[in-house]
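S.K.: turn this into a structure:
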Amino acid sequence: MSNWSFDSPLRTLSDEEKIRKDEKLWEDDNLGGVHEDNNPVPAPVVWLVALTVVTAFAITFPLWGQRPTAALYEPYVNSMDKPEVLAAKDDKEAMAKIVEMNKGTPNDALLERHPLSMDDLRMIAPQIKALEAKGAHMHDFEVVGDQVVTANFEGNYRPDGSRIRQQPWWDKGYTIDVFYLSYFFLAVFTMIKRLPPTSWQPKHDH
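M.R.: Below you'll find the predicted structure:
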């Protein structure tokens, strides 16, 4: 490729001829009176951008941002009428008993992130029982406030014709982001490394 050099990509991606031309152009053009030096991108800026990207992915990743489903609280609802729960002296004790009964499952972490009060459970219990009576796929429904609603996801169809409406651990948005960010950072890196190496500084003699 003309004017390209890959011998030292972390130093420059330009050959010596292009570097000399760019240095001359930099010296000859007064840049509107603004004297720009040829300094590297500050390391704190690079780390800040990296931290921003990692944090944005981590916060919105479905693993952490999963919404509570009807299936998550179904065991709680089915525990409400047990004798030890009904014998509790108040709602706080009753809820504590329900939580204790349903510990030791893969849902422990999600339940800890989405706790309920006894009043909350009473409001969603009839809706969850109605879904159970219809034989609904409980993972296809989410709990939003005091309502149990159809999840806003559209996956594949089941053999019975119903649509899977469950939050995937990875979705198309993340695939798009990975490709876009890769392209963006590669383009920025290429643009910067096509400039003269930062070991050279313009003299600003004019």
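S.K.: list the contacts for Met80?
M.R.: Residues in contact with Met80 (CB atoms under 8 Å, 6 or more residues apart in numbering) are Ile98, Leu121, Ala125. No exception for glycine: its C-beta is placed from N, CA and C like everyone else's.
S.K.: name the nearest of the residues you listed relative to Gly135.
M.R.: Set against Gly135, the nearest of these by CB to CB is Ala125 (17.7 Å).
S.K.: the closest one contacts Val77, correct?
M.R.: Yes. Using CB atoms under 8 Å, Ala125 is in contact with Val77, at 4.7 Å.
S.K.: can you list the domains in the chain?
M.R.: Split into domains by automatic domain parsing, the chain comes to 11-32+43-66+170-206, 68-139.
S.K.: thinking again about what came up before, mind checking which of the contacts of Met80 land in helices?
M.R.: Ile98, Leu121, Ala125 (DSSP state H).
S.K.: nearest residue to the second one other than its sequence neighbours?
M.R.: It stands for Leu121. The spatially closest residue to Leu121, leaving aside those adjacent along the chain, is Tyr76, at 5.8 Å (CB to CB, 6 or more residues apart in numbering).
S.K.: and if you look at the first one?
M.R.: In space, not counting the residues next to it along the chain, Ile98 is nearest to Ser79; the distance is 4.8 Å by CB to CB, 6+ apart.
S.K.: and what of Asp146?
M.R.: Closest to Asp146 by CB to CB, 6+ apart is Met123, at 4.2 Å.
S.K.: that neighbour: which element?
M.R.: Applying DSSP states H and E as the criterion places Met123 in helix 118-134.
S.K.: how about Val149?
M.R.: Going by DSSP H and E, Val149 is in strand 147-150.
S.K.: may I see the buried residues of that strand?
M.R.: Using 16 or more other CB atoms under 10 Å as the test for burial, strand 147-150 gives Val148.
S.K.: neighbouring strands for that strand, and are they parallel or not?
M.R.: strand 141-144 (antiparallel) (DSSP bridges).
S.K.: contacts for the helix holding Met123, please.
M.R.: Taking CB under 8 Å, 6+ apart as the rule, helix 118-134 contacts 70, 73-74, 76-77, 80, 91-92, 94-95, 98, 116, 138, 141, 143, 146-148.
S.K.: and those, which are buried?
M.R.: Buried among the contacts of helix 118-134 by 16+ other CB under 10 Å: 70, 73-74, 76-77, 80, 94-95, 98, 116, 138, 141, 143, 148.
S.K.: among those residues, which lie within helices?
M.R.: Ala70, Tyr73, Glu74, Tyr76, Val77, Ala94, Met95, Ile98.
S.K.: now for the strand or helix carrying Phe179, which elements pack on it?
M.R.: Using DSSP H and E, Phe179 sits in helix 172-193. Counting contacts by 3 or more CB pairs under 8 Å, 6 or more residues apart in numbering; DSSP states H and E, helix 172-193 is packed against helix 43-60.
S.K.: buried ones in the helix it packs on?
M.R.: So helix 43-60, judged by 16+ other CB under 10 Å, has zero buried residues.
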